[in-house]
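K.L.:
Just need the structure, nothing else, for what follows:
(one chain, ligands or ions: 2)
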Amino acid sequence: MIKAIKGFNDILPEQAAKWLQLEAVLANVLARYGYEHIRLPIVEQTDLFARAIGGATDIVEKEMYSFADKSEPPTPLTLRPEGTAGAVRAVIEHNLLRGDTPKLWYIGPMFRYERPQKGRYRQFHQIGVESFGSALPDADSELIAMTHLMWQELGLKDEMRLQLNSLGEIDERYAYRDALVAYLTDKQDQLDEDSKRRLSTNPLRILDSKEASTQALLADAPKLADFLGAETKAHFEQVQAYLTTLGIDYDINPHLVRGLDYYNKTVFEWVTDKLGSQATVCAGGRYDGLVGQLKSMDTRESKDDKLPAKSEPAVGFAMGLERLLLLIDAVNPMPPMSACDVFVVAHPEVYSSGISYAQNLRHTRPDLRVKMASATSMKAQMKKADKSGAALTVIIAQQELDDNTISIKHMQTGEQQSVAQDWLATAENFTRL
Ligand code: ATP
Ligand code: MG
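P.N.:
Ligands and ions are numbered 1, 2, ... in the order given. Predicted coordinates:
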């Protein structure tokens with residue numbers, strides 16, 4: 001028996017019904033903020049991710065599903081590990097920034113070769129949001145406020161803590177990186193293995209090391225906040241001021257870095273204490289350099305030198321839907337939804353009348369979920385009706401047709417009665433539970 005690949009999950013009907021409900025709530029909040037939906041490919045050129053996310057990140061170094069296609073020469077391709085790179089590519093390719101400041105969202109599977117565990121899978125799903133065109137702090141706080149409203153709608157407001165940090169502009173971060181490396185180089189032998197390696201590849205990631213000994217070492221290390229310029233500081237303070245105005249609590253976490261290289265200034269994460277070490281449900285930040293960087297990648301062949309990147313500011317976030325659902329199941333489970341409200345049972349000899357009745361009912365009562373079983377015996381059909389979860393069963397046999405009636409059975413009480421054929425056309429007679 002061939003089984004699904006490790007870390008790639010089937011989402012079975014009972015669970016998938018919850019996905020639909022969750023997605024509807026999130027899409028509704030996004031619409032209320034005027035964000036537009038975009039659909040993007042799952043496969044992109046490997047180069048896009050290497051350049052956008054950064055060659056020394058965990059994602060690009062060891063988590064990507066990459067392969068060569070059958071073209072000649074073969075094109076190196078990758079199953080998207082995240083959505084921002086592809087969204088930015090699409091925005092550039094289709095000139096969406098011309099004269100407008102698009103605010104976009106997408107949803108779909110992402111792929112990372114990680115060790116599968118609760119809340120961490122190899123195929124997982126994100127809702128991603130990207131807001132282009134504003135360098136001002138209101139754009140940062142709008143995204144955070146939108147996620148806050150999502151938590152409210154989902155009954156999760158008290159489960160989420162907002163963590164904030166500012167990574168500064170690139171030059172500020174580079175100056176800090178040099179200072180951090182200088183500080184840690186003498187103490188290399190006290191670092192954990194991962195952090196030792198990161199000292200030369202991606203030193204800032206050392207800040208979010210889980211090792212207590214490394215964290216102890218960092219207590220006296222230079223602080224990123226001391227390397228931020230006046231403009232960056234003012235931006236960060238204004239983001240916080242807006243959040244305070246909106247009544248959104250936050251913690252400043254000076255060690256919050258993020259595993260993707262494109263961020264500058266504000267970064268944020270929504271974390272919960274209900275999911276063990278897979279605590280981050282939603283994460284994002286500002287990435288003012290990425291559009292310019294990917295644009296210059298476009299023209300690099302003709303222009304030899306890097307083009308000076310025009311400022312094309314943007315902010316975005318991604319929300320992990322599996323983790324969100326785990327959290328919902330843990331603290332505020334959605335009521336199970338039956339796939340059926342009304343079950344129609346028709347005697348095999350008048351089965352076509354049953355089909356017509358059900359078809360008509362689905363047309364006149366779009367709010368109801370109407371099911372039938374195949375044209376087997378009445379007893380077999382009634383058994384299916386029992387199992388279906390329907391609140392009401394409609395029974396149609398020759399007698400009912402002769403009288404222009406239907407028999408209805410209230411499944412909870414077992415009570416059965418004869419009513420007019422169009423009884424269900426009146427919504428007051430029967431509403432969904
Ligand atoms: P983590 O620190 O948990 O590895 P990350 O920093 O790699 O997360 P991002 O790339 O920022 O995560 O992705 C945003 C969100 O997507 C995460 O906060 C999480 O909810 C979700 N996510 C990321 N990787 C996975 C995964 N392998 N399985 C399930 N959800 C994931
Ligand atoms: Mg990760």
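K.L.:
Count the residues that sit near residue 43.
P.N.:
15 (other C-beta atoms under 10 Å). Every C-beta, even on glycine, is put in place using the N, C-alpha and C of the backbone.
K.L.:
contacting residues for it?
P.N.:
77, 78, 79, 80 (C-beta atoms under 8 Å, 6 or more residues apart in numbering).
K.L.:
interface residues of the protein facing ligand 1?
P.N.:
82, 112, 114, 119-121, 124, 126, 259, 278, 280-283, 318, 320, 322-323 (C-beta under 6 Å from any ligand atom).
K.L.:
Tell me which of those residues fall in helices.
P.N.:
Taking DSSP state H, the ones among these that sit in helices are 322, 323.
K.L.:
Please identify which residue in the stretch 201-350 of the chain comes closest to ligand 1.
P.N.:
residue 320 (2.2 Å; C-beta to the nearest ligand atom).
K.L.:
hey, what's that residue bridged with?
P.N.:
Note on residue 320: beta-bridge partners residue 126, judged by DSSP bridges.
K.L.:
Please tell me how far it sits from residue 126.
P.N.:
Distance, residue 320 to residue 126, using C-beta to C-beta, to the nearest Å: 6 Å.
K.L.:
now the strands for the stretch 201-350 of the chain?
P.N.:
Along the stretch 201-350 of the chain, counting by DSSP state E, counting those that start in this stretch, strands occupy 251-252, 264-271, 280-286, 314-320, 342-346.
K.L.:
Would you format those strands as JSON lines with mean neighbour count included?
P.N.:
JSON lines is the format used below for these (neighbours: other C-beta atoms under 10 Å):
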{"stretch": "strand 251-252", "mean neighbour count": "12"}
{"stretch": "strand 264-271", "mean neighbour count": "24"}
{"stretch": "strand 280-286", "mean neighbour count": "24"}
{"stretch": "strand 314-320", "mean neighbour count": "24"}
{"stretch": "strand 342-346", "mean neighbour count": "25"}
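K.L.:
Please convert these to CSV, extending it with mean pLDDT and distance to residue 360.
P.N.:
Formatted as CSV, the strands of the stretch 201-350 of the chain follow (pLDDT from 0 to 100; distance: least, C-beta to C-beta, whole Å):
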stretch, mean pLDDT, distance to residue 360
strand 251-252, 98, 58
strand 264-271, 97, 47
strand 280-286, 98, 45
strand 314-320, 98, 41
strand 342-346, 98, 10
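K.L.:
Take those and write them to a markdown table, including distance to residue 178.
P.N.:
Converted to a markdown table, the strands of the stretch 201-350 of the chain look like this (distance: least, C-beta to C-beta, whole Å):
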| stretch | distance to residue 178 |
| --- | --- |
| strand 251-252 | 23 |
| strand 264-271 | 17 |
| strand 280-286 | 22 |
| strand 314-320 | 27 |
| strand 342-346 | 70 |
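K.L.:
wait, isn't residue 10 in contact with residue 3?
P.N.:
No: contact criterion C-beta atoms under 8 Å: residue 10 and residue 3 do not qualify, at 10.0 Å.
K.L.:
Name the nearest residue to residue 188, ignoring sequence neighbours.
P.N.:
Excluding its sequence neighbours, the residue lying closest to residue 188 (C-beta to C-beta, 6 or more residues apart in numbering) is residue 196, at 6.0 Å.
K.L.:
That neighbour and residue 34, how far apart?
P.N.:
47 Å.
K.L.:
Grab the nearest non-local neighbour of the closest residue to ligand 1 within the stretch 1-150 of the chain.
P.N.:
Per C-beta to the nearest ligand atom, residue 124 is where the stretch 1-150 of the chain lies closest to ligand 1, at 3.4 Å. In space, and not counting its chain neighbours, residue 124 is closest to residue 322: 5.3 Å by C-beta to C-beta, 6+ apart.
K.L.:
Pull the number of nearby residues for the one you found.
P.N.:
Count around residue 322 with other C-beta under 10 Å applied: 21.
K.L.:
low-confidence ranges in this protein?
P.N.:
Applying pLDDT under 70 to the chain flags residues 297-310.
K.L.:
change it to 50
P.N.:
In the predicted model of the chain, residues 299-309 satisfy pLDDT under 50.
K.L.:
Mind jotting down where the helices sit in it?
P.N.:
13-32, 46-53, 58, 84-93, 137-153, 170-185, 193-201, 212-218, 230-245, 290-303, 321-331, 351-364, 378-388, 398-403.
K.L.:
quick one, the fourth one and strand 280-286 angle?
P.N.:
To tie it back to what came earlier, the one meant is helix 84-93. 40 degrees (axes from the mean of the first three to the mean of the last three C-alpha atoms, to 10 degrees).
K.L.:
which outside residues touch helix 84-93?
P.N.:
38, 40-41, 44, 48-49, 52-53, 80, 96-97, 102, 104, 106, 128, 130, 132, 260, 262, 287, 290-291, 294-295, 298, 314, 316, 318.
K.L.:
let's see 6 Å
P.N.:
Helix 84-93 is contacted from outside by 40, 44, 48, 49, 52, 80, 130, 290, 291, 294, 295, 316, using C-beta atoms under 6 Å, 6 or more residues apart in numbering.
K.L.:
Now for the second one, how many residues are close by?
P.N.:
Residue neighbour count, defined by other C-beta under 10 Å, stands at 19 for residue 44.
K.L.:
ok, now which ones touch it?
P.N.:
80, 86.
K.L.:
and with 10 Å instead?
P.N.:
Neighbouring residues of residue 44 by C-beta atoms under 10 Å, 6 or more residues apart in numbering: 52, 77, 78, 79, 80, 81, 85, 86, 89, 90.
K.L.:
now swap in the third one and tell me
P.N.:
Taking C-beta under 10 Å, 6+ apart as the contact definition, residue 48 lies against 77, 78, 80, 85, 86, 88, 89, 294, 297.
K.L.:
one more time with 7 Å, if that's ok
P.N.:
By C-beta atoms under 7 Å, 6 or more residues apart in numbering, residue 48 lies in contact with 85, 89.
K.L.:
try the fourth one
P.N.:
With contacts taken as C-beta under 7 Å, 6+ apart, residue 49 has the following neighbours: 60, 64, 78, 81, 85.
K.L.:
From the residues you listed, which land in strands?
P.N.:
Per DSSP state E, strands hold the following members of these: residue 78.
K.L.:
Need the contacts of residue 49 in CSV (columns: distance to residue 391).
P.N.:
Converted to CSV, the contacts of residue 49 look like this (distance: C-beta to C-beta, whole Å):
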residue, distance to residue 391
60, 53
64, 49
78, 49
81, 45
85, 48
